[in-house]
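Student: all I have is the shape, not the residue letters:
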């Protein structure tokens, strides 16, 4: 799979975004045509010269040379163009309002300052439901229903290559659908200003073939593996003392609800809602300097001795 730069323009990657991209290019073409026409008229007016009146004579208004006629024509053309743009926008909204067939997957996304909680519910067997953070996995070619909520302020869910923007409003559930045409990693971002770290509230949508998605989902349903090695057990105790008040790790006593679920932390590509790659060095840097990396977030900077840092990282690395 390719990396995920900020893919905001040029190409759509799914049927929920393609109509909006076509509309966007059509509106850009319309705006450029208006700019060209206005520039041409302005240039023509600047180049047109009147003969100065004779010395001492009063300047007389020129006879009407059809100016009103051109105003009527211009107004008519503008009205038709704007009405056409309105109709195209309404048709586009209708075309992406619902998927062409029944969604094959439903996920719940809850926005927090400043990260994303991703729930994969299983209505038939709630014990098979699981939670992850900042990384959405979907099967390629399958419409996915996304139920959107906010835990604090107004956010906006936007995966530009897969769908348009949808507001996430406290106390309200909004619904969107996404679908990917091809495997890949698609960058997403909160696009509603939501506080000091709004720009650092990203997520990724990982689209993969159905078999790989099923394997990922089965792995995510399992709890954390037992901490057997002495160094890992020491790290788990440090996690329980310093981190479990906010974070959960399924299969252990850590059951915090205020921060991302870390049951399979080491399997994710990024941490801190897209801020850093998920390497041991970056994990420890985030733990020790969270308020420098992401000021005003609820994640505190945690001071660790060198031995505690080694032990904690050994434990976090087992959360596959």
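Tutor: Nice, thanks for sending it over. Predicted model, so just to flag it, every value in this text is computed and none were measured.

Student: quick check: closest non-adjacent residue to residue 301.
Tutor: Take residue 301 and drop its neighbours on the chain: the residue closest to it by CB to CB, 6 or more residues apart in numbering is residue 291, 4.6 Å away. Yep, even glycine has a C-beta here, placed from its N, CA and C like the rest.

Student: show me which positions of the helix or strand encompassing the one you found end up buried.
Tutor: In this assignment (DSSP states H and E), residue 291 forms part of helix 280-293. Within helix 280-293, the residues that qualify as buried are 282-287, 290, 293, counting by 16 or more other CB atoms under 10 Å.

Student: helices or strands next to whichever helix or strand comes after it in the packing?
Tutor: Using DSSP H and E, the helix or strand that directly follows helix 280-293 along the chain is helix 306-316. With contacts taken as 3 or more CB pairs under 8 Å, 6 or more residues apart in numbering; DSSP states H and E, helix 306-316 sits against helix 230-242, helix 280-293.

Student: do you know how far the closest residue to residue 296 other than its chain neighbours is from residue 255?
Tutor: With sequence-adjacent residues excluded and distances taken as CB to CB, 6+ apart, residue 296 is closest to residue 196, at 4.6 Å. Distance of residue 196 to residue 255, computed by CB to CB, to the nearest Å: 29 Å.

Student: quick one: residue 19 from residue 147, how far?
Tutor: Distance from residue 19 to residue 147, by CB to CB: 22 Å.

Student: of the two, who's got more company?
Tutor: residue 19 (18 against 15; other CB atoms under 10 Å).

Student: what's the pLDDT at the more buried one?
Tutor: Looking at residue 19, its pLDDT stands at 91.

Student: for residue 231, same thing?
Tutor: Reported pLDDT for residue 231: 81.

Student: mark out where each domain of the chain begins and ends.
Tutor: 18-43+68-95, 105-212, 230-316 (automatic domain parsing).

Student: out of those domains, which is the most enclosed?
Tutor: Among these, ranked by average contacts under mean count of other CB atoms under 10 Å, first place goes to domain 105-212 (a mean of 19).

Student: who touches stretch 281-293?
Tutor: 265, 271-272, 275-276, 297, 299-304, 309, 312-313, 316 (CB atoms under 8 Å, 6 or more residues apart in numbering).

Student: pLDDT on the helix holding residue 291, on average?
Tutor: On average, helix 280-293 scores 95.

Student: need the helices and strands packed on helix 306-316 in TSV (columns: distance to residue 182).
Tutor: TSV is the format used below for the helices and strands packed on helix 306-316 (distance: least, CB to CB, whole Å):
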stretch	distance to residue 182
helix 230-242	38
helix 280-293	29
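
Student: for the worst-scoring helix or strand of the chain on mean pLDDT, name the packing helices and strands.
Tutor: Each helix and strand of the chain was given a mean pLDDT (mean pLDDT, DSSP states H and E); the minimum falls on helix 67-95 at a mean of 85. Packing partners of helix 67-95 (3+ CB pairs under 8 Å, 6+ apart): helix 18-47.
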